[in-house]
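Student: have a look at this fold, sequence not included:
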């Protein structure tokens with residue numbers, strides 16, 4: 001606490017006793033009775049009870065002779081938690097904790113006319129002590145001299161200062177946590193405050209940039225103007241930087257003329273600008289596409305559509321945005337979306353379907369393809385649907401298939417005439433010879449001719465059975481098949497026979513539990529044909545081996561059958577899928593034709609690669625299952 005000036009201590013220091021009651025007379029003796037002082041006593045008219053009520057601080061008027069409180073405003077009552085009735089007329093000891101210090105303060109006030117910054121301790125009605133800063137002035141009150149005290153509660157000020165300090169630190173930490181640059185510019189265009197992001201970007205300390213002209217730090221490329229810091233929003237490059245920046249400028253009005261200051265928020269928008277341009281290019285491509293294209297949110301509501309879709313599906317309406325896709329494309333129903341499309345897209349796979357729809361009173365074939373747009377964490381953001389009219393394509397495919405069928409039919413009939421004609425002619429000749437010589441020949445010779453006829457008829461039976469297999473799987477029973485388990489069981493079934501031939505079968509798979517869409521009966525027939533062909537190619541080969549590889553590519557399960565056999569020439573490869581074409585003695589030439597037909601009915605494909613004297617690779621692709629087992 002502050003001590004009183006030495007002059008006051010000399011006048012009252014030794015005369016003041018330990019108790020207040022004892023100090024009344026000595027203190028009164030030191031107080032002047034008249035107004036002949038070296039200072040001007042404030043006029044009484046200024047200091048009545050109504051005046052101190054106008055003060056915004058705790059105010060008391062104290063009679064220095066009786067040390068009684070003769071007036072107290074409502075702020076004083078609130079500060080000390082006393083009513084005015086309790087305070088007025090009470091001795092100062094009601095609130096004082098150090099009588100000696102308070103007496104010295106009164107004596108100092110009489111000596112000098114006023115005391116400022118006197119620190120003491122006062123007590124509230126509940127006994128709580130609080131630090132007080134007193135400013136006292138000698139006044140004339142109701143015809144007598146009195147002391148006006150303005151008492152400031154330091155505990156409230158300290159709390160306020162603490163709150164301000166905490167709020168300032170929290171605000172500073174908040175601004176420093178922002179990744180954008182935040183700069184405070186004074187009215188002279190100088191940088192006065194900035195956050196950590198600004199210092200990191202400039203790679204410097206605050207001391208080195210504080211007070212610098214803002215344009216010298218962040219000048220426009222090719223200009224000395226500061227208009228980029230006066231526009232509400234600006235975008236461009238700073239001199240010496242390749243990045244693009246966006247500035248949002250906020251004016252802070254001052255109280256005096258030309259006292260405006262500015263807060264600038266600077267953001268690096270290079271990536272956003274690049275993404276925006278890429279998006280505009282993408283939209284340009286989509287708008288020029290002949291396919292109807294829409295983008296939906298993850299719930300299937302349209303957020304973007306191109307002009308083709310708008311004209312074909314929305315009939316030019318402008319209210320498509322925000323509406324579910326199935327309102328405009330009933331074939332993509334809500335149930336289909338929830339049960340099939342969305343689960344597949346959630347696996348980052350592509351969904352495809354072909355539907356027959358009505359457009360402009362015509363029935364057309366429309367192909368639908370859907371894929372997902374994901375963020376860096378793999379979470380779906382949007383779905384993209386494209387709709388393509390494939391009617392003409394389907395018609396051209398049908399024509400091509402018909403032409404191909406006519407070619408194959410002619411080839412088939414020619415082959416059937418040849419394959420069936422030879423054994424039938426042999427049987428006819430044998431029976432003719434047997435009929436003429438039946439009476440002459442012995443039983444043994446007759447048996448030879450009968451056996452020859454049965455052998456030729458066996459060839460006919462085999463050919464007819466092969467033709468029957470060609471149409472056996474017209475209506476496959478499609479199901480989800482664990483393809484690895486299926487192949488393991490298949491290999492265990494055929495392996496004993498292949499071991500007898502000295503052929504090693506090796507299976508390799510990067511999958512476990514992956515399911516494919518197929519008919520297991522048909523797949524068994526397909527694999528039997530491929531393995532039989534591979535075994536024939538390995539005849540008389542050293543270290544014969546067949547490798548079966550299983551892998552996944554996008555939405556397909558791929559099975560490769562690889563042998564190290566004799567291989568095939570380019571001519572043999574070009575004729576592989578022609579009916580009745582074969583390079584093997586006793587072959588029907590229908591094995592691979594049947595294989596491809598079976599795979600087509602299961603939406604599968606087959607590709608064959610071969611090189612003479614090096615071996616053959618057969619690749620089968622089946623659609624991966626869209627659902628769980």
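Tutor: Received it, and whenever you're ready, just let me know what you need. Keep in mind that this is a model prediction, so the values were computed, not measured.
Student: residue ranges in the stretch 351-500 of the chain under the pLDDT threshold?
Tutor: 394-419, 462-475 (pLDDT under 70).
Student: ok, which stretches of it are helices?
Tutor: Using DSSP state H, counting those that start in this stretch, the helices found in the stretch 351-500 of the chain span residues 391-437, 443-470, 483-500.
Student: and what of the stretch 1-150 of the chain?
Tutor: Using DSSP H, counting those that start in this stretch, helices in the stretch 1-150 of the chain cover 6-12, 20-30, 49-53, 74-80, 84-87, 99-112.
Student: what's the fourth one in contact with?
Tutor: It refers to helix 74-80. 53, 55-60, 83-84, 87, 95, 122-125, 151, 153 (C-beta atoms under 8 Å, 6 or more residues apart in numbering). (C-beta placed from N, C-alpha, C; glycine too.)
Student: contacting residues for residue 120?
Tutor: 1, 96-98, 101-102, 105, 131-132, 134 are the contacts of residue 120 under C-beta under 8 Å, 6+ apart.
Student: now with 6 Å?
Tutor: 101, 132 (C-beta atoms under 6 Å, 6 or more residues apart in numbering).
Student: please pick out the residue of the protein most distant from its centre.
Tutor: The centre of the chain is farthest from one residue, residue 440, which by C-alpha atoms, centre = their mean lies 96.0 Å away.
Student: are any of the contacts of helix 74-80 buried, and which?
Tutor: Using 16 or more other C-beta atoms under 10 Å as the burial test, those include 58-60, 87, 95, 122-123, 151, 153 as buried.
Student: most widely separated two among these?
Tutor: 59 and 123 (17.9 Å; C-beta to C-beta).
Student: and residue 600, that one's in a strand?
Tutor: No. Under DSSP: H, G, I helix; E, B strand; the rest coil, residue 600 sits outside any strand and is assigned helix.
Student: tally up the residues packed near residue 270, please.
Tutor: Using other C-beta atoms under 10 Å, residue 270 is surrounded by 14 other residues.
Student: wait, it sits on residue 245?
Tutor: No. Judged on C-beta atoms under 6 Å, residue 270 makes no contact with residue 245 at a distance of 8.2 Å.
Student: got any residues that touch both of the two?
Tutor: Counting by C-beta under 6 Å, 6+ apart, nothing touches both residue 270 and residue 245.
Student: residue ranges with poor pLDDT in the stretch 151-300 of the chain?
Tutor: 157-159, 162, 254-259.
Student: ok, which stretches of it are strands?
Tutor: For the stretch 151-300 of the chain, applying DSSP state E, counting those that start in this stretch gives strands covering 181-185, 191-194, 233-236, 245-252, 261-268, 292-296.
Student: including distance to residue 331, could those strands go into JSON lines?
Tutor: What follows is these, written out as JSON lines (distance: least, C-beta to C-beta, whole Å):
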{"stretch": "strand 181-185", "distance to residue 331": "52"}
{"stretch": "strand 191-194", "distance to residue 331": "59"}
{"stretch": "strand 233-236", "distance to residue 331": "45"}
{"stretch": "strand 245-252", "distance to residue 331": "45"}
{"stretch": "strand 261-268", "distance to residue 331": "45"}
{"stretch": "strand 292-296", "distance to residue 331": "13"}
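Student: tell me which of those strands sits most buried.
Tutor: Most buried of the strands of the stretch 151-300 of the chain, by mean neighbour count (mean count of other C-beta atoms under 10 Å): strand 292-296, with a mean of 22.
Student: for that strand, name the packing helices and strands.
Tutor: Applying 3 or more C-beta pairs under 6 Å, 6 or more residues apart in numbering; DSSP states H and E, we find strand 292-296 packed against strand 302-305, helix 307-312, strand 380-389.
Student: relative to the whole chain's centre, how far out is stretch 290-309?
Tutor: 20 Å (C-alpha atoms, centre = their mean, to the nearest Å).
Student: residues contacting the closest residue to residue 537 other than its chain neighbours?
Tutor: Nearest residue to residue 537, sequence neighbours excluded (C-beta to C-beta, 6 or more residues apart in numbering): residue 565, at 3.0 Å. Counting by C-beta under 6 Å, 6+ apart, residue 565 touches 537-538, 541, 615.
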